[in-house]
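Sequence first, predicted coordinates after that:
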Amino acid sequence: SGINAEWPLRPGVKARGFHLRTHFKTSREVAQAIKGMHIRKATKYLKDVVAQKQIIPMRRFMGGVGRHAQAKAFNTAGSLGAWPKKSATVVLDLLRNAESNAEVKGLEVDSLVVEYIQVNRAPQMRRRTYRAHGRINPFMCSPCHIEMILTETESIVSKEDDDAPKKKSKKKEARARLRPE
């Protein structure tokens, strides 16, 4: 896995971050939320997440996550969602980095789409926490590596004209024949 050198067939840019001090699980959910989005839409969405105006749906790592009304807008089980501020800020910084990479490459920034984004676990960092009766337990953090490819897409294709008649089911056609107009 990882970024393949010859992978983007369309012109695109990469942005990567290693050993980022933000939780792997929340970063993964943020990444899935913006996958396939236009760069401007993704940037606005993540800024809204930081301001708690929009929510990140929690789909895989959802143990102990609360239910929120904002999550009803997404197809998520039990309307589970959160506003992972730190992860959203880190991904926002990576998007900003990809945008500046595109400007340097001479690409059209307004036509970039997040085509590929991947979050991997980084080596855990170790601290200690002090427990009752003089014991010590590990106090680990779960950093992550994030990599993304944004590719240029053609302008958004408009819907084709509705000159062609809509398909009707046989049942609806039979009803139309039976009902005199």
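Yes, it's here.

Can you list the buried residues in the biggest helix by length in the chain?
Longest helix in the chain by number of residues, with DSSP state H as the criterion: helix 85-105. Under the neighbour-count criterion of 16 or more other Cβ atoms under 10 Å, helix 85-105 has 87-92, 94-95, 97-99, 101-102 buried. Glycine gets a C-beta too; all of them are placed from N, C-alpha and C.

so where's this structure uncertain?
Applying pLDDT under 70 to the chain flags the ranges 1-9, 155-164, 181.

And the strands in it?
With DSSP state E as the criterion, the chain has strands at 12-20, 56-57, 81-82, 112-121, 125-130, 136-141, 144-152.

Rebuild those as TSV, extending it with mean neighbour count and distance to residue 50.
Converted to TSV, those look like this (neighbours: other Cβ atoms under 10 Å; distance: least, Cβ to Cβ, whole Å):
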stretch	mean neighbour count	distance to residue 50
strand 12-20	18	16
strand 56-57	24	11
strand 81-82	24	12
strand 112-121	19	18
strand 125-130	10	24
strand 136-141	10	21
strand 144-152	22	17
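
will you turn the ones you listed into a markdown table that also has distance to residue 175?
Output for those, formatted as a markdown table (distance: least, Cβ to Cβ, whole Å):
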| stretch | distance to residue 175 |
| --- | --- |
| strand 12-20 | 51 |
| strand 56-57 | 40 |
| strand 81-82 | 42 |
| strand 112-121 | 43 |
| strand 125-130 | 67 |
| strand 136-141 | 63 |
| strand 144-152 | 47 |
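
To residue 67, which of the ones you listed lies closest?
Among the strands of the chain, strand 81-82 comes nearest to residue 67, with 7.8 Å by Cβ to Cβ.
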